[in-house]
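Q: Let's see this in three dimensions:
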Amino acid sequence: MPIPRPSAPAFTQAYPGAPPQPAIPYAAHGAIAGQNDAPDKRPRALAFVSLGSAIVGVVLLILSLAAFVGVVMFYMPWWSQYLAGGVLIAAIVLAIIALGSRGQGGKRIGVAALIIAVAGGLLAAVSPAIIFILIVTADMRAF
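A: Here you go, the predicted structure:
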């Protein structure tokens with residue numbers, strides 16, 4: 001003898017006093033539920049400054065290394081690598097502030113700046129060893 005089952009509407013009816021359910025429970029057209037389509041109005045200037053300083057620091061570091069090796073034919077002062085390291089440290093600090101502050105927008109730009117600045121900082125940390133190896137292994141008879 002089959003077990004009697006309740007009718008289908010008994011399972012789909014909301015309990016009395018339930019809030020109204022939306023017609024479509026999930027956001028339509030691939031949008032994330034709860035996300036508004038309004039653009040972010042928070043300022044992104046700090047993220048852009050950190051990205052710019054990270055790029056300037058990396059370019060300055062690469063130019064100073066290239067001038068030392070002799071790839072480029074212009075003079076870079078000996079302290080340009082220290083200047084590049086200082087700019088990269090400032091870029092890391094600004095990127096962390098841009099990422100941590102709720103009042104600042106441009107989080108993706110801050111992440112990009114942090115990645116570039118850390119990679120440049122690693123290059124700046126290794127560059128004295130590179131220069132030392134180039135000096136030690138140089139053929140002194142050429143001079």
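Q: Where does pLDDT dip in this structure?
A: By pLDDT under 70, the low-scoring segments of the chain are 1-2, 4-37, 139-143.
Q: Looking at it, which helix is longest?
A: helix 107-136 (DSSP state H).
Q: Tell me which other helices or strands that one touches.
A: Helix 107-136 sits against helix 45-69, helix 80-100, with contacts defined as 3 or more CB pairs under 8 Å, 6 or more residues apart in numbering; DSSP states H and E. Quick note: C-beta positions are derived from backbone N, CA and C, even for glycine.
Q: So P39, which state does it fall into?
A: coil (DSSP: H, G, I helix; E, B strand; the rest coil).
Q: residues contacting the residue nearest to the spatial centre of the chain?
A: Centroid check for the chain by CA atoms, centre = their mean gives V111 as the closest residue, at 1.4 Å. Neighbouring residues of V111 by CB atoms under 8 Å, 6 or more residues apart in numbering: 95, 99.
Q: What residues of the longest helix of the chain count as buried?
A: Neighbour counts over helix 107-136 (16 or more other CB atoms under 10 Å) mark 107, 109-110, 112-114, 116-117, 120-121, 123-124, 127 as buried.
Q: And for stretch 81-99?
A: Those would be 81, 83-85, 87-92, 94-95, 98-99, for stretch 81-99 by 16+ other CB under 10 Å.
Q: Let me have these in JSON lines, adding distance to A138 as columns.
A: Listed next are the buried residues of stretch 81-99 as JSON lines, based on distance: CB to CB, whole Å:
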{"residue": "Q81", "distance to A138": "18"}
{"residue": "L83", "distance to A138": "25"}
{"residue": "A84", "distance to A138": "23"}
{"residue": "G85", "distance to A138": "24"}
{"residue": "V87", "distance to A138": "29"}
{"residue": "L88", "distance to A138": "27"}
{"residue": "I89", "distance to A138": "30"}
{"residue": "A90", "distance to A138": "33"}
{"residue": "A91", "distance to A138": "32"}
{"residue": "I92", "distance to A138": "33"}
{"residue": "L94", "distance to A138": "38"}
{"residue": "A95", "distance to A138": "37"}
{"residue": "A98", "distance to A138": "42"}
{"residue": "L99", "distance to A138": "43"}
